[in-house]
Every structure is written in C-alpha cells, then in structure tokens.
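S.K.: Following is a predicted model, sequence given first.
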Amino acid sequence: MTADAGAEYAYLRQVVFNQSQNVLDPSRDYLFDARLARLLRIHGFTRVEQLAHHLRRGRDPALERAIAEAMTINETSFFRDSRPFELMRLELLPRLIEARRPARSLRFWSAACSTGQEAYSLAILIREYFPLLAGWNIRIEGTDIASEVVQRARQGRYHRIEMNRGLPARFIVRYFDRHEDDWIAKPELRRICHFRQANLCIAPLLFHERFDVILLRNVMLYFAHQSRLTLLAGVHGLLAPDGVLLLGSAEQPADLAQWTPVLTGGTCYFRPRATGQ
Ligand SMILES: C[S@@+](CC[C@H](N)C(=O)[O-])C[C@H]1O[C@@H](n2cnc3c(N)ncnc32)[C@H](O)[C@@H]1O
C-alpha cells in the first residue's frame, strides 16, 4: 500500500468512527475493498482511494452513513451463546413475570439486533415455555444501525443455512413456514417483534418507556471506551430498576459503579444500581 493509500484508508476509518463509533483496526484495511465494492460501483469509482478523495472534497453525509453501514460486522445466529437464553428461561423470566403480574406487560430490547435472530430467539422462548404470557402485552424491539439488516429482520426470512445455526429442528417446523430454500417466521413471532434502524451512539436513545430486559450483545466490543461509557449510561436510564442487562460473553460494562454483576447459570447478567437521581 502506498503512503497516499494509507492516508485514504485512515480517512475512511475516521468516517466510520464518526458515523457509528466503530473503531476499525488498520490491519484490517483490506476489508474496505470487499465491503465497499458495491458502493464504489454505484458511485462510479474503481478504487477505495477515489471514494475517500471524493469525500475529502465535500461532505456527503448519506454516503458517509452508507460506508459506516457497509463496514459493520453483522455476525449473529439463533440462540447465540445459548446460556443467556437458558438463564432467561429458568431464572430471569420467571422472576420478571411474577413481578409484572399486575401490569401484564413485558418489554425487551435487542440492541444491535443485526438480521433479527436474537429477537426471534427470544420470541420463540416466550411462546414455547411461557404460554401464560399469551394474553400479555409482550413487545420485543430490535434496532440496528445498518438499514439492510433491519430490513431483513423485518422480513423474518432466513436461508436454511442460517436456520441450521442454533435453531433446533422442532422450533423450525413449529415457528417458521418454508418457502423454497428459506424459512419465514410465523405471524405469532412477527407480531411481537418490531424492528427499526437506530444508531446506539446518538443521544438521546430513541425510546421513552423502560425495558425489562436489554440485550446489548457483541456490539460494544467495536466501540472506544468513551462511547461505551456514554452508551451504558443511556442504557441504564432505559432499564427498569429491577430489569436485566445481558452483554456478549466477552463484554463488561465500562463503568461498574452503575451495575451489579450477577454470576449464575454459567454466565453473567447485570442489574442496574440505583444512581440516586
Ligand atoms: C456482531 S452483530 C451482533 C448481533 C447480535 N446482537 C448478536 O449478538 O448476535 C453487531 C451489530 O451491531 C451493529 N452496530 C454496530 N455499530 C452500531 C451502532 N453504532 N448503533 C447500532 N448498531 C450498531 C452492526 O450493524 C451489527 O449488526
């Protein structure tokens, strides 16, 4: 790579950071070429450096957003890491259901939901193991910065290879309808899952009502320390006082003063500490 090209990749890394707070490692600059190929074609460029030159000449917020979205890592699967879902089934949901009996309402947020498998896993868990919730107001919100994955989550349509990652066969036939090589989530799941595009790093976060469970998994690892602090402070304000935060298995809250870790069921969840406000 020439020094010039190096500077253009650095510029693009900064664009991605400004838009999504994702910190990209220079050792992975080669990813720009593959991930931005479609955008380059659409805008009539042949090389990533030309795209960077174009942006340097004048700001183009829509294109900058599209670059940041294209560089996101959308890896996900049904019942990913299984233990948090077991914990939810055996411990967390029974406790929350008891506490919410008077209101008959439960709210979940799959923050950084990617193509929606996390939200649908939760919906399956609820429908399969908690039939008493059928008459309750259950709402699972899924948000992600990348519009394409949000679109896919809304469709609830998955290729059989995606289905075979983490989804037991009995759940496939019970909760999905087959369409050629794809499977589509049945209305009973789609009714309770709602997806929209949202950037976790734009304050204030878009919700006003509090959640009982927030899943913020496998996304903070791409953020810088300060972005994690800001995000978790916002998440703290959106969680019910007796609510639960679940992070990815390699993630920790940046500020433990606000959270109590609870180790149980071979995994860990976090309860919000009262902040005295
Ligand atoms: C690795 S996936 C994790 C998906 C799911 N939570 C899981 O654990 O399987 C990370 C997701 O975070 C999203 N993301 C990255 N930066 C974001 C931001 N600033 N705001 C919202 N979503 C973001 C990406 O688009 C991607 O879909």
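M.R.: Perfect, thanks for sending it.
S.K.: List the residues that contact the residue nearest to residue 65 when sequence neighbours are not counted.
M.R.: Distance criterion C-beta to C-beta, 6 or more residues apart in numbering; nearest residue to residue 65, sequence neighbours excluded, is residue 19 at 5.6 Å. For the C-beta atoms, the positions are set from N, CA and C on the backbone; glycine is no exception. Applying C-beta atoms under 8 Å, 6 or more residues apart in numbering to residue 19 gives the contacts 64-65, 67-68, 199.
S.K.: what's the burial count for residue 170?
M.R.: 9 (other C-beta atoms under 10 Å).
S.K.: Which of the contacts of residue 19 sits closest to the ligand?
M.R.: Nearest to the ligand among the contacts of residue 19, counting by C-beta to the nearest ligand atom, is residue 199 at 4.5 Å.
S.K.: Do you have the helices of the stretch 1-150 of the chain handy? List them.
M.R.: 3-20, 30-35, 37-42, 48-57, 61-70, 83-87, 93-99, 117-129, 147-155 (DSSP state H, counting those that start in this stretch).
S.K.: just the strands in the stretch 151-277 of the chain please.
M.R.: 157-159, 176-179, 182-185, 193-197, 211-216, 239-247, 259-264, 267-272 (DSSP state E, counting those that start in this stretch).
S.K.: which one of these has the most crowded surroundings?
M.R.: Most buried of the strands of the stretch 151-277 of the chain, by mean neighbour count (mean count of other C-beta atoms under 10 Å): strand 211-216, with a mean of 24.
S.K.: helices or strands up against that one?
M.R.: In terms of contacts (3 or more C-beta pairs under 8 Å, 6 or more residues apart in numbering; DSSP states H and E), strand 211-216 is packed against strand 105-111, helix 225-237, strand 239-247.
S.K.: export those to TSV and tack on distance to residue 81 and mean pLDDT?
M.R.: Shown next, in TSV, are the helices and strands packed on strand 211-216 (distance: least, C-beta to C-beta, whole Å; pLDDT from 0 to 100):
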stretch	distance to residue 81	mean pLDDT
strand 105-111	14	98
helix 225-237	19	94
strand 239-247	10	98
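S.K.: quick one on the thing from earlier: so which of the helices of the stretch 1-150 of the chain is the most packed in?
M.R.: Highest mean neighbour count of the helices of the stretch 1-150 of the chain: helix 117-129, a mean of 23 (counted as mean count of other C-beta under 10 Å).
S.K.: okay, it in PDB with CA atoms only?
M.R.: Coordinates of each C-alpha in helix 117-129 appear next as PDB, following Å, rounded to 0.1, in the frame of the first residue of the first chain:
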ATOM      1  CA  GLN A 117     -32.200 -13.800  15.100                       C
ATOM      2  CA  GLU A 118     -31.700 -12.700  18.700                       C
ATOM      3  CA  ALA A 119     -35.200 -11.100  18.800                       C
ATOM      4  CA  TYR A 120     -36.800 -14.100  17.200                       C
ATOM      5  CA  SER A 121     -35.000 -16.500  19.600                       C
ATOM      6  CA  LEU A 122     -36.500 -14.500  22.500                       C
ATOM      7  CA  ALA A 123     -39.900 -14.600  20.900                       C
ATOM      8  CA  ILE A 124     -39.600 -18.400  20.400                       C
ATOM      9  CA  LEU A 125     -38.500 -18.800  24.000                       C
ATOM     10  CA  ILE A 126     -41.500 -16.800  25.300                       C
ATOM     11  CA  ARG A 127     -44.000 -18.700  23.100                       C
ATOM     12  CA  GLU A 128     -42.600 -22.100  23.800                       C
ATOM     13  CA  TYR A 129     -42.000 -22.000  27.500                       C
END
